[in-house]
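S.K.: build me a structure from this.
(chains A, B, C and D)
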Amino acid sequence: MYRYIIKRVLWLFPILLGVTFIVFTILYLSPGDAASLILGEQATQESLEALRNQLGLNDPFLVQFFRYAGDVFLRFDLGRSYINNREVLGEILQRLPNTILLASLSITFAALAGIPLGVIAAKKPNTAVDNGVMALALFGVSMPTFWQSLILIIIFSLTLGWFPSGGFSNPNQWVLPVIALSTASIGNIARITRSSMIDVLDQDYIRTARSKGLSKKKVVNSHALRNALIPVVTVIGLQFGALMGGAVLTESVFSINGLGVLMVNSIRTRDIMVVQGSVLFVAFMFSIVNLIVDILYSFIDPRIRAQYK
Amino acid sequence: MSLLEVRELQTYFDTRRGVVKAVDGISFTLESGKGLGIVGESGSGKSQTAMSIIQLFQHNQRIAGGSIMFDGRQISDYTDSQLEAIRGNEISIIFQEPMSSLNPVFTVSKQLCEVLITHQNMSSEDAKAKAYEMLKAVKIDQPERVLKSYPHQLSGGMSQRVMIAMALSCNPKLLIADEPTTALDVIIQAEILKLMNELKEKLNTAILFITHDLGVVSKMVDNVVVMHGGKIVESAPVKVLFKSAKHPYTKRLIAAFLKTDIRRANEGETLDFFEAENDQYDFQQFRDRGVADDDFYQVSAGHMIACRLKKK
Amino acid sequence: MRKREKLDQLAISGSLTPWQEVRYAISKDNRALIGLAFIAILVFIAIFAEFIAPYGMREQNLQNVLQAPTLQHWLGTDDLGRDVLSRIIFGTRTSLVIGVSAVSIALAIGGVLGLVSGYFKGIIDILIMRVSDVLLAIPSILLAIAIVASFGSGMFNMIVAIAIGNIAIFARIIRSSVMTVTERQFIEASHALGSSHFRILTKHILPNVLSPIIVQSSLGIAFAILAAAGLGFIGLGLEASVAEWGLMLSSGRAYIRTQTYLTIYPGLAIMLTILAFNMLGDGIRDAFDPKMRDR
Amino acid sequence: MKKLSFLALVLLSFTALSACASSEDTILVVASGADPVTFDMHATNDIATARIARQIYETLVLQSNDLELLPGLATSWSEIGNNTFEFKLREDVVFHNGDPFTAADVAYTFRRASESPTIGHIIGAIDPDKIEVVDDYTIRIGTKYAFGPFITHLAHPATSIKNQRAVEEAGEDYGSQGVVGTGPFQFVEWNVGEKVVLERFADYWGEPAQVANLEFRTIRESNVRVIGLENGEIDIAYDVAPSDIPVVTGNPELTLINTPNLGAEYLGLNWASNPYLKDANVRKAIAHMIDVDSIVEAIYNNVGTQMTGPINSSVFGYNPNIDPVPYNEQMAQDFLAASQWPTGGFTLRLYVGDNNAERIRVAQVVQTQLEKLGINVSLNQMEWGAFLAETRKPAEESVADLFMLGWTTVTADADYGLYPLFHSESGPAGGNRTFYSNPRVDELLDLGRGSIDQAVRLQAYQEAQAIIAEDLPWVFLQTRENVSAYGAGVEGFEHHPMGSYPLAGVRKTN
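M.R.: Numbers count the residues shown, from 1 in each chain, chains lettered A, B, ... in the order given. Predicted coordinates for the structure are as follows:
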């Protein structure tokens, strides 16, 4: 078990090195000029050149890459922002609580709503209930997060005045962004729960449980759900990645000072160090979440636990 | 009064492509403490007959007609919660695939205790003690270890013993065994059958034994029902069936089992209509002669053959 | 009618060609049928936008900006006095072009990688799968954002950005389908008969992985349209004068309090389109799933 | 039912929580669209920073709302020859960290500034060898060459006086922490991306600030700022977008304030990237095709007025005698007909940065209008940094035929508003992105820069503007205005043409 975890953790490093390379290369190839952005539209040629040298922008590609990767992996240093000279890691960590809060509230809400919906549908496949729930789930999956955010603002903030349209410091500011961000995940989780549940309800051991005279409720909630959760947990893990992507849009609609907004603003200001750092950081979190998901499996399913020994 | 009396039972599946008649009007009885075998190929409806008794149905499956009387009660009309009180308690069932019939995410102990706690209102302590006892009764070597195990850690034979322990833990009046040994190898098979016989005697439990394996049937039951296409084709005491099966389908089953030529199996046949070619049987002449009712022809006491069977 | 019955029989006996299977699957699933019908309408609108739209894509009227819906302008006018309905109609073309091209590129590259990976296995497989591990570690919308942010906006860059985010997904799906197929015996038989790799891949394997490809393509187009709109929304999309739904939403956002219709209609267009592709993809997938078939 | 009432309860408790805001009413909350960059004023030159820095730091010279030069930390100054000025400093000033303000701080500030690449265009003329501390309250500063607008530049926020000890203590992090100035407010905390909190400096030498605390919030969307204003979460909202102006004017609780600033918008016509725009008739045709009045009305909600030349009326050197180019499609057709390409048929690439919604809208209007002339326009919307880099390329690589940009004459002097943009020596990197070249204009701009006789300068600049307006390297669009809004209870808020507004005098009455 521990060996497996250690193996998985070690495997993170090549993945992250690869991610670093891809992200670095993409941003390196961009035609924009960090120096001219920092100095603005009224800067002189000499000052631009001086700044480029100072930032090391004139070095060869590989030199720049290895310098950056070395900083990241050996010193946990994501560099300093080109724009305000702050530590990128500090910038990220400062925004992280908001994003983590938004993402974890959303994924929790999505799981709490999506799993029961999926179970309800699976219990009565191809009935009106099932079709209704699945149609809702399909709408949820098809609704663009940013559009839904705007519609929620129009209805609940501007028209009804129930919730504020932005910010993230009070719990009442959490409601709309969490609803917007979790809708698609609710749909996805409900859909996968349903199909996994239908699969499981077909299994021999469910027949056994029923043959033992257990109530339908107990069969579904205890015997079936735990087995059905395995693919659901995978999807929740993957949803986390989608959620981090969705957060970029949701945060900017609701003016939440999180990683997503940091990323979008850094892209707008060409603050490459911050963009690189944030994408890397999100990939890192995403990989860790997937690792946790893998470990979670083993708690749900003893067969998998056995394989890891 | 018989323990189990099945009358004109019809069990249908509603699918997108229409109704599938899995069980199509069958009748039989089973006395307490006796054994009844239902034999047939896969798809003959034998398993669905078993499932119908305690209504372990798919969501698109239903009893379309007929009745099932158990211990003086018409359980075919029971609601889900009434049935839940009977399942695992008065009627237990064990299945073909022991490995997949136990829930992989729970320990053996939990799965065994569950049934005792549900039906006998036992405390979890008592249930554990009883579970231990039951494992010993089914001759499991290290009951403690097995109790703590997960199903994937058990062999097929062990799993089936656990299943039997689970099925018998509430001392049921009827045990339905749905091909309980098919997935096991021959030596284990024999052990399990022996065990079941012993327990049957000891607990005075009636057994409904469902199998395609005639060899197994001969050791376990008193009477046999042969099914084909959702209908009964022949029913007889087990020894009579082996000695003088009448219906060509039964004969072929036996021939296949004995690996003999079907012509030899048919030797000494007295009823000429079995010689008919292309497996079309017309019983009209027998009905005319008054030796058959609409459905069955009684060959001898307790030995019936179906009249209306037509091979598709 | 007779054709339908014949198809039913062929389907039951499993002797349909892959294409027939797909058509049969669609015909058996209402969701897929509705989705397909809606997509057909969208394609029609996209092709004949010039004839359907009451006004031109860029036709401005600075004297008549931000006009609420009227008989002349069913869905109102935008901040440059352009007809919103017409822009939504032209936007259909933009979205479909982006969705279909991005998925085609992803499919072409991911498909080849997946085929090679699943068919030849070994070191090539390991290599390709490790690279796809890396790509999948970056949430695909972030990857697309990074690429567009880097190389600039514009149709081509956007398509490429979205496609790259999808390559790994296609490669994985096709790889696993190929692996399932190669385990079947007729592949071994072909090997024994001395068929070339190319022939086996194109004649035997490709047709048999058709259904997962179609399902994933449909869902992929939905994702691509959503991603394109998202990029447009945060200002990384196409140039402003092109009619694109995400862009329309984004510029309508400034008027969210006074001209709500600028936010509602383009969003509705995005949602319905994505819904249609999701319905088609889901429908086909369920229809192909043997467990789902008789339900 | 039970579930519903529970939901209601949850919702209620959320609303209750939000109602429990602080009751401290002497916080003035100001919302701006961008985050400050760094309070090390030698490392940035952006308006978002300047607006906050202005409350923390002070400069030697102040500019009144009418752009008149007033004493700041320097009480007086005089020219002592050799392009050098002597400044007498205020004696009762202390820094926020308790250190007294002396000439040494001024010397430190300007020496440090001269090493910065970021603000070279503002203090680049200063010769670090000519910085001389005479005594604690007297300092001499000289320039490398005669530099007419020198004193004006000393009012720029980039020349804010710093405290040497504070800068050295904070090291590389100076600007995000340990910020020390002499202004009426002192730095408390900066929650990056969210807000900067300042508090009244008790030992301020001048009139103390009216409010105890000042909070600058970063709220990117203009309409979100206005919603905050309506909710009372915000007292003053900067940069109200044209699209939100009707919302503000429609609300009796809110006050809109808009005043012209020193900036102007233009459409650059590149003379180097293609042959078409070298033809004066093509340029004139384009200029007549742009309906600036309608643009101002429909896109800017009447903020701004049509420019007649490259600098606006409050800048020294403005020429009031130039007529605007009228919108007239017939004239446009006629001019095009007189060119080498009478029916158009060519394509121009129009570049625009993606960070300004109004500019992007104007670019679309230009595109549609020019298509009516038969000139095909491809719109290239670029990320801001890439846009600047693209339009800064040398002549042989230049491809930005048309581009949307603006210029702010921060010093309010025509030298700053003309020399970088129209002098042929300046080049695209210096600001002449159109590659405009006219020897007479070069001559006049040199004359204006090298002279300190204001009458000579005025005449030179007015003639230069008349020539530029005839040559049309730009289509002159409209003046920029500062647009803010404030809620009930805010008193004493005024705009300043520089775009950064002093807030020490602002009161809150409720």
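S.K.: tell me which helix or strand comes right after whatever helix or strand A:Phe73 lives in.
M.R.: Assigning secondary structure by DSSP states H and E places A:Phe73 in helix A:61-75. As assigned by DSSP H and E, the chain's next helix or strand after helix A:61-75 is helix A:88-123.
S.K.: flag every buried residue along that following helix.
M.R.: Within helix A:88-123, the residues that count as buried by 16 or more other CB atoms under 10 Å in any protein chain shown are A:88-89, A:91-92, A:94-95, A:98-99, A:101-103, A:105-107, A:109-111, A:113-115, A:117-123. Where C-beta positions appear, they are placed from N, C-alpha and C, glycine not excepted.
S.K.: now swap in stretch B:100-111 and tell me
M.R.: Neighbour count says stretch B:100-111 has B:100-111 buried, by 16+ other CB under 10 Å.
S.K.: just the terminal-to-terminal distance for stretch A:81-93.
M.R.: End-to-end distance of stretch A:81-93 (CA to CA, to the nearest Å): 14 Å.
S.K.: is chain D contacted by that stretch?
M.R.: Yes: residues of stretch A:81-93 contacting chain D under CB under 8 Å from any CB of the partner chain: A:83-86, A:91.
S.K.: show me the two of the buried residues of stretch B:100-111 that sit farthest apart.
M.R.: Farthest pair in those (CB to CB) is B:Ser100 and B:Ser109. Separation: 19.2 Å.
S.K.: so what touches the helix holding A:Phe73?
M.R.: Identification of contacts with helix A:61-75 by CB atoms under 8 Å, 6 or more residues apart in numbering or on different chains yields A:13, A:16-17, A:20-21, A:24-25, A:28, A:56-57, A:59, A:77-79, A:276, A:280.
S.K.: now the two most distant members of those.
M.R.: A:Phe13 and A:Leu57 (27.4 Å).
S.K.: can you tell me the closest non-neighbouring residue to residue 79?
M.R.: If you meant another chain, say so; for now it's chain A. In this structure, A:Gly79 finds its nearest non-sequential neighbour in A:Met273, 4.3 Å apart by CB to CB, 6 or more residues apart in numbering or on different chains.
S.K.: actually it's chain D I care about, not the one you picked
M.R.: In this structure, D:Glu79 finds its nearest non-sequential neighbour in D:Phe85, 5.5 Å apart by CB to CB, 6+ apart.
S.K.: just after whichever strand or helix holds that neighbour, pick out the following helix or strand.
M.R.: Assigned by DSSP H and E, D:Phe85 belongs to strand D:84-89. Next along the chain after strand D:84-89, taking DSSP H and E as the criterion, comes helix D:103-114.
S.K.: looking only at pLDDT, what's the mean for that next one?
M.R.: Mean pLDDT, helix D:103-114: 92.
S.K.: mind giving me the packing neighbours of that helix?
M.R.: When contacts are defined as 3 or more CB pairs under 8 Å, 6 or more residues apart in numbering or on different chains; DSSP states H and E, helix D:103-114 packs onto strand D:84-89, helix D:120-123, strand D:132-135, strand D:138-142, helix D:164-170.
S.K.: now these in TSV, with mean pLDDT?
M.R.: TSV is the format used below for the helices and strands packed on helix D:103-114 (pLDDT from 0 to 100):
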stretch	mean pLDDT
strand D:84-89	94
helix D:120-123	72
strand D:132-135	93
strand D:138-142	94
helix D:164-170	92
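S.K.: out of these, nearest to A:Ile300?
M.R.: helix D:164-170 (51.4 Å).
S.K.: what comes up buried for whichever helix or strand comes after the closest one?
M.R.: Downstream of helix D:164-170, the next assigned helix or strand under DSSP H and E is strand D:185-191. Neighbour-count burial for strand D:185-191, with 16+ other CB under 10 Å as criterion, is recorded at D:185-187, D:190.
S.K.: quick one, the following helix or strand past strand D:185-191 and strand D:185-191 angle?
M.R.: Note on strand D:185-191: by DSSP H and E, the next helix or strand toward the C-terminus is strand D:195-200. With axes from the mean of the first three to the mean of the last three CA atoms, to 10 degrees defining the directions, strand D:195-200 sits at 160 degrees from strand D:185-191.
S.K.: export strand D:195-200 to PDB, keeping only CA atoms.
M.R.: Presented in PDB, the C-alpha positions along strand D:195-200 are these (Å, rounded to 0.1, in the frame of the first residue of the first chain):
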ATOM      1  CA  LYS D 195      -7.900  45.800  -1.800                       C
ATOM      2  CA  VAL D 196      -5.300  48.200  -0.500                       C
ATOM      3  CA  VAL D 197      -6.000  49.600   3.000                       C
ATOM      4  CA  LEU D 198      -4.600  53.000   4.100                       C
ATOM      5  CA  GLU D 199      -5.100  54.900   7.300                       C
ATOM      6  CA  ARG D 200      -4.800  58.600   8.100                       C
END
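S.K.: any chance you could list what contacts the helix or strand following it?
M.R.: Downstream of strand D:195-200, the first helix or strand assigned by DSSP H and E is strand D:213-218. The contact list for strand D:213-218, computed with CB under 8 Å, 6+ apart, reads A:257, D:24, D:26-36, D:48, D:51-52, D:55, D:185, D:193-200, D:228, D:234, D:503.
S.K.: just the buried subset of those residues, please.
M.R.: A:257, D:28-36, D:48, D:51-52, D:55, D:185, D:193-200, D:228, D:234, D:503.
S.K.: what residues does chain B have near chain D?
M.R.: So chain B never meets chain D (CB under 8 Å from any CB).
S.K.: by proximity to chain D, which residue of chain B wins?
M.R.: B:Ser81 (25.0 Å; CB to the nearest CB).
S.K.: near that residue, how many other residues are there?
M.R.: 10 (other CB atoms under 10 Å in any protein chain shown).
S.K.: thanks a lot, catch you later.
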